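[1] Below are the sequence and a predicted model; questions follow.
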Amino acid sequence: MPMPPLPFDPLSLPRDKKQLRRLLQAERQALPDRLERAVQLQSVLRIWLATRPDHTIGAYWPIKGEFDPLPALHRWTEGSGHGTGDGPPRRIGLPVMNRETKQLRFLQWYPGCPMEHDAYDIPKPQGTDLVTPTLLIVPCVGYGPGGLRLGYGGGFYDRTLAALSPRPYTVGIGYAHGHIPWLEAEPHDIPLDTLLTEEGVIWQRDGA
Ligand SMILES: Nc1nc2c(c(=O)[nH]1)N(C=O)[C@@H](CNc1ccc(C(=O)N[C@@H](CCC(=O)O)C(=O)O)cc1)CN2
Ligand SMILES: Nc1ncnc2c1ncn2[C@@H]1O[C@H](COP(=O)(O)OP(=O)(O)OP(=O)(O)O)[C@@H](O)[C@H]1O
């Protein structure tokens, strides 16, 4: 289903990364039809997940108007191995920041599990099992060509991905207004494998 045009002017995006992050977050909060876009993105994510072989997925608890991936993921946990009905259990992990290494680890989450706040006041699971996701759902403030991602500027995902072996598959998720056609990679940027918006699978790395 095509969405109505976005009410923002992409030509007005500032070149300065700090200002760009701030503007895109304000645009996201101000999206007049964010609910409709979120519903559309839930369905894009749910359908895309059905193509994946994973049993453990790392996600995030939405903040600052981010898309909430947890409804689609919770539904995913209720299915099992490629529709055969009896695959291994499916698990969701949420990120926990390590202050020293500035990397993320993932603790199992299920609806109603014990939670506490992290250093940025983001809810995180408390005392649940550490999990090893084979797929990471990565929230994007913005995104550029070739799977390039703009986050909040902490560098947590890049650091985490640089340290992980094997590296999980990464799917970036965000609303279409976050498209920055001229965004350029910095040396530490690790491109995403796939990008999803409410408009569908908008990018996929060759061979991914
Ligand atoms: N929902 C969600 N959870 C997540 C992330 C994310 O992007 N989204 N992260 C992805 O890495 C990690 C947390 N990273 C974050 C980094 C910065 C800020 C933040 O609020 N930054 C302030 C500026 C703070 C400063 O300059 O010191 C801001 O944006 O106003 C929040 C989360 C792990 N959890
Ligand atoms: N692998 C790494 N090793 C060391 N420093 C890194 C690494 N990756 C990123 N950084 C540092 O983290 C900082 C923020 O990176 P960047 O601007 O790419 O953040 P971001 O991806 O937008 O944020 P986030 O992942 O937290 O949402 C940069 O100053 C960068 O030097």
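    That came through, no problem. Ligands and ions are numbered 1, 2, ... in the order given.
[2] what residues does the lengthiest helix in the chain touch?
    When the chain is parsed with DSSP state H, its longest helix is helix 34-49. Contacts of helix 34-49 with the rest of the structure, by C-beta atoms under 8 Å, 6 or more residues apart in numbering, involve 1, 3, 28, 31, 57, 65, 67-69, 71-73, 75-76, 137, 171, 173, 175-176, 194, 196-201. All C-beta spots, glycine's among them, are computed from the backbone N, C-alpha and C.
[3] Narrow the residues you listed to those that are buried.
    Buried residues within those, counting neighbours by 16 or more other C-beta atoms under 10 Å: 28, 31, 57, 65, 67, 69, 72-73, 76, 137, 171, 173, 175-176, 194, 196-199.
[4] Among these, name the ones in strands.
    57, 137, 171, 173, 194, 196, 197 (DSSP state E).
[5] Surely the second one touches residue 57?
    Read it as residue 137. Yes: the pair residue 137 and residue 57 passes the contact test of C-beta atoms under 8 Å, sitting 6.4 Å apart.
[6] joint contacts of the two?
    residue 73.
[7] hang on, residue 114 packs against residue 127?
    Yes: using C-beta under 8 Å, residue 114 makes contact with residue 127 at a distance of 6.1 Å.
[8] who in this protein is up against ligand 1?
    Selection of the chain residues close to ligand 1 by C-beta under 6 Å from any ligand atom yields 60-63, 66, 95, 97, 104, 120, 122, 139, 151-152, 154, 156-157.
[9] Ligand 2 next: which of those are close?
    Okay, of the residues of the chain next to ligand 1 touching ligand 2 (C-beta under 6 Å from any ligand atom), that's 151, 152, 154, 156, 157.
[10] can you put the residues you listed in CSV and add secondary structure, pLDDT and distance to residue 165?
    Shown next, in CSV, are these (DSSP: H, G, I helix; E, B strand; the rest coil; pLDDT from 0 to 100; distance: C-beta to C-beta, whole Å):
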residue, secondary structure, pLDDT, distance to residue 165
151, coil, 98, 22
152, coil, 97, 25
154, coil, 95, 22
156, helix, 98, 18
157, helix, 98, 16
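[11] Using ChimeraX, make a named selection holding only the buried ones among these.
    In ChimeraX syntax, the buried subset of these is picked out as below (16+ other C-beta under 10 Å):
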select :151,156,157
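[12] Including distance to residue 46, could the ones next to ligand 2 among the residues of the chain next to ligand 1 go into TSV?
    Listed next are those as TSV, based on distance: C-beta to C-beta, whole Å:
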residue	distance to residue 46
151	24
152	26
154	29
156	26
157	23
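[13] So which of the ones next to ligand 2 among the residues of the chain next to ligand 1 is the closest to residue 144?
    The shortest gap between residue 144 and any of those belongs to residue 151, at 12.2 Å (C-beta to C-beta).
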